[in-house]
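**Q** With the sequence up front, the predicted model follows.
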Amino acid sequence: MLKTCMGTTLIKLYQKFLNKLIMKTNLKLTICALLLIICGISQPVLSQTVTPAKAAPKPKATPQEIQKLKEAVEAHPDSLSAHRAYIKAMGTGFATYNPALVAQYKKWIAKYPNNINFPFAIGEGLWNSELPQAKEYLLKVVQMDPKNAKAWFYLSIDADRWGQQDKSQEYMHKASLADPSDAGYAFYYLNSMENEDPAIYSQKVFDFTKRFPDNERGAQALYWLAERSLNNDDKIKYFEKLRELYPPAKFGWSADGMYSLWTAYIETDPEKAQALANAVGDTDKYWRQIKSLNENIIQERKLVAANKYAEAEALLAKTKIPQYFGVDDFFYIEEASVLDKAGNAKGAYDSVAARFAKMPTDKLLAAAELYGEKLGKSKTDVEKDIQNIRNSTAKPAAPFNLGLYTSNGKLSLDDLKGKVVLVTFWFPGCGPCRGEFPHFQAVMNGYKKNPKVAFIGINVSPEQDPYVVPFMRNTKYSFIPLHGTDETTKDYGVRGEPTNFLIGPNGNIVYKDFRIEGDNHRTLELMINSLL
């Protein structure tokens, strides 16, 4: 399995989208394939890259085969396909630095100083491997040819790995100017400006759709404008426009956007949500699940209106919640309301309390306190009940003693005893990791003066160590970067990055498998506060 390489100013994957993608395809996505699918999204969240598995090694090219490929490069130095075949045969891959390969290209660059293909080929190969050495060669390429759009694109992604967000935007702008016909470069540059005034940025998105009315990138730009909107009315407005301008039957990003539009509809207008689900059709198993849920919600509300609470309760009890579509809180609160009306306040309380204990939100807390009050429980009683639920599932965190990047010392889990510790497993080439950091930082800023809260980031890719200190210096994030080990990654069951944990003062993992994005900062606050 592969780790993927997307940028903070280029990636803000929404977690449910990638989860849905993985569930639907069950593919091990290559770097380039995932770039084509999701690259270019600025900051946050969202998704998870996949850690390389210890799979059986592929058969290596023989020395004779490598020699023939080397001779092919020398015979056809302008053939990038010849270069790529040779580089591949030399055994490059994720975070795989081959000194012999680089040494050979240095010789060729010295021998053919005016041939741009040599620095481009090795720069591209190192970039694909997410290695910091790529920068040297890519800069040489654009010095030789300032109109090389692909090299500027590579440099933009690489700059993000160094934490140089301004450089990343500058390089992507140059890529878009070098090849103005390429919708991808224009799209990536557009997304680097997402943090501008929302009204100005939304207008730029619509200008982009006019520029590329028949291009998937136009649908992608409008999708992310809608997806990142925190106001539900804006979210609906933009997704409806996406459906109008880019028919879901023709554009993949629009088709995916309809899941989010349905999610936005269901809480306020189930009938409208059902009309959307009916319009999409029955060919997709996810939509069949959604339609079934939607029908049951409509029927349940009719039963409640007729005071047939037991029937409504039974209907919801057998209703399956589609995975990854963000309706969990809505459904739990809906179900709790029916349970309460059916005379089962305890069932309502237990349901929302259990959900809040795992993934807290203010809506769930309000529901838990409401039904708790009906049971004669004070807010303190509710808090104790929820804490007991958490304690019942908490497990001791595996001990570690890892090297610091900021000194020659080490930091152990024992050193953090008595603190609430936010732990994220990451690596510099991980776009979703870089995308999540601003959201972590926004929350952690509220705990700057609290010595009982710590934030650490464990880098799982030692080959990318040269990126780490510059990344921290350039971004000014406050987490403590630590050198990861295979043992630590295994002990924590990490299969993809970012993987996050929240460890309580007693050393127990209380929360795991969560992601923090633009719309759920409050969840992390509630998690941390529950452990202080």
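**A** Structure received. Residues are numbered from 1 along each chain as shown.

**Q** what ranges of the stretch 201-350 of the chain fall below the confidence cut-off?
**A** Low-confidence segments of the stretch 201-350 of the chain, defined by pLDDT under 70: 282-283, 324-327.

**Q** residue ranges of the helices in it, please?
**A** 216-227, 232-245, 252-266, 270-280, 285-305, 309-317, 328-341, 345-358 (DSSP state H, counting those that start in this stretch).

**Q** Return the most buried member of those helices.
**A** With neighbours defined as mean count of other CB atoms under 10 Å, those peak in mean count at helix 216-227, which reaches a mean of 26. Bear in mind the C-beta positions are built from the backbone N, C-alpha and C, glycine included.

**Q** what's the offset of it from the middle of its chain?
**A** 16 Å (CA atoms, centre = their mean, to the nearest Å).

**Q** what's the span of stretch 78-94, first residue to last?
**A** By CA to CA, to the nearest Å, the extent of stretch 78-94 from end to end equals 25 Å.

**Q** For the nearest residue to P213 once chain neighbours are set aside, list the residues it contacts.
**A** Spatial nearest neighbour of P213, excluding adjacent residues (CB to CB, 6 or more residues apart in numbering): L245 at 7.2 Å. Taking CB atoms under 8 Å, 6 or more residues apart in numbering, we find L245 in contact with 209, 213, 218-219, 222.

**Q** just curious, which of these is nearest to K147?
**A** K147 lies nearest to G218 out of the contacts of L245, by CB to CB, at 24.7 Å.

**Q** Correct me if wrong: the closest one contacts F206.
**A** No - using CB atoms under 8 Å, G218 is not in contact with F206, being 9.7 Å away.

**Q** what touches both of those two?
**A** Residues touching both G218 and F206 by CB under 8 Å, 6+ apart: none at all.

**Q** tell me the SS of I458?
**A** Secondary structure assignment for I458 (DSSP: H, G, I helix; E, B strand; the rest coil): strand.

**Q** what about the nearest residue to it once chain neighbours are set aside, how many neighbours?
**A** In this structure, I458 finds its nearest non-sequential neighbour in G484, 4.4 Å apart by CB to CB, 6+ apart. G484 has 23 neighbours, counted by other CB atoms under 10 Å.

**Q** could we number from 34 for the rest of this?
**A** Will do, 34 is the new start, and the previous item becomes G517.

**Q** so how far is L336 from G517?
**A** From G517 over to L336 the distance is 53 Å, taken as CB to CB, to the nearest Å.

**Q** can you check Y271 too?
**A** From Y271 across to L336, the span is 34 Å (CB to CB).

**Q** where exactly do the strands run in this structure?
**A** Along the chain, counting by DSSP state E, strands occupy 82-83, 428-429, 434-436, 443-445, 453-459, 486-492, 513-516, 529-530, 532-536, 541-545.

**Q** Please identify which of those strands is closest to A128.
**A** Among the strands of the chain, strand 486-492 comes nearest to A128, with 11.1 Å by CB to CB.

**Q** Double-check A128 against E163; I have them as touching.
**A** Yes - counting by CB under 8 Å, A128 touches E163, with 6.0 Å between them.

**Q** Compare neighbour counts for those two and give me the winner.
**A** Neighbours per residue, other CB under 10 Å: of A128 and E163, the larger number sits with E163, 27 against 17.

**Q** and the residue nearest to that one when sequence neighbours are not counted, how many neighbours?
**A** Excluding its sequence neighbours, the residue lying closest to E163 (CB to CB, 6+ apart) is G462, at 3.5 Å. If you count neighbours by other CB under 10 Å, G462 ends up with 30.

**Q** Could you check the pLDDT of G462?
**A** Among the per-residue scores, G462 shows a pLDDT of 94.

**Q** K61 now?
**A** 28.

**Q** Count the neighbours of the closest residue to A154 other than its chain neighbours for me.
**A** Of all residues not flanking A154 in the chain, H116 sits nearest, at 3.5 Å (CB to CB, 6+ apart). For H116, the neighbour count with other CB under 10 Å is 24.

**Q** Same question for the one 10 residues further on.
**A** For G126, the neighbour count with other CB under 10 Å is 14.

**Q** For it, give me its contacts.
**A** S162.

**Q** again with the one 5 residues further on
**A** Shown here is N131, whose contacts under the criterion CB under 8 Å, 6+ apart are 123-125.

**Q** Single out whichever of those has the smallest pLDDT.
**A** T125 (77).

**Q** give me every residue that touches that one.
**A** Shown in contact with T125 (CB under 8 Å, 6+ apart): 131, 134, 158-159, 161-162.

**Q** Among those, which are located in helices?
**A** 134, 158-159, 161 (DSSP state H).

**Q** thinking again about what came up before, dump the contacts of N131 into JSON lines; add distance to K140 as well.
**A** Formatted as JSON lines, the contacts of N131 follow (distance: CB to CB, whole Å):
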{"residue": "M123", "distance to K140": "14"}
{"residue": "G124", "distance to K140": "18"}
{"residue": "T125", "distance to K140": "17"}
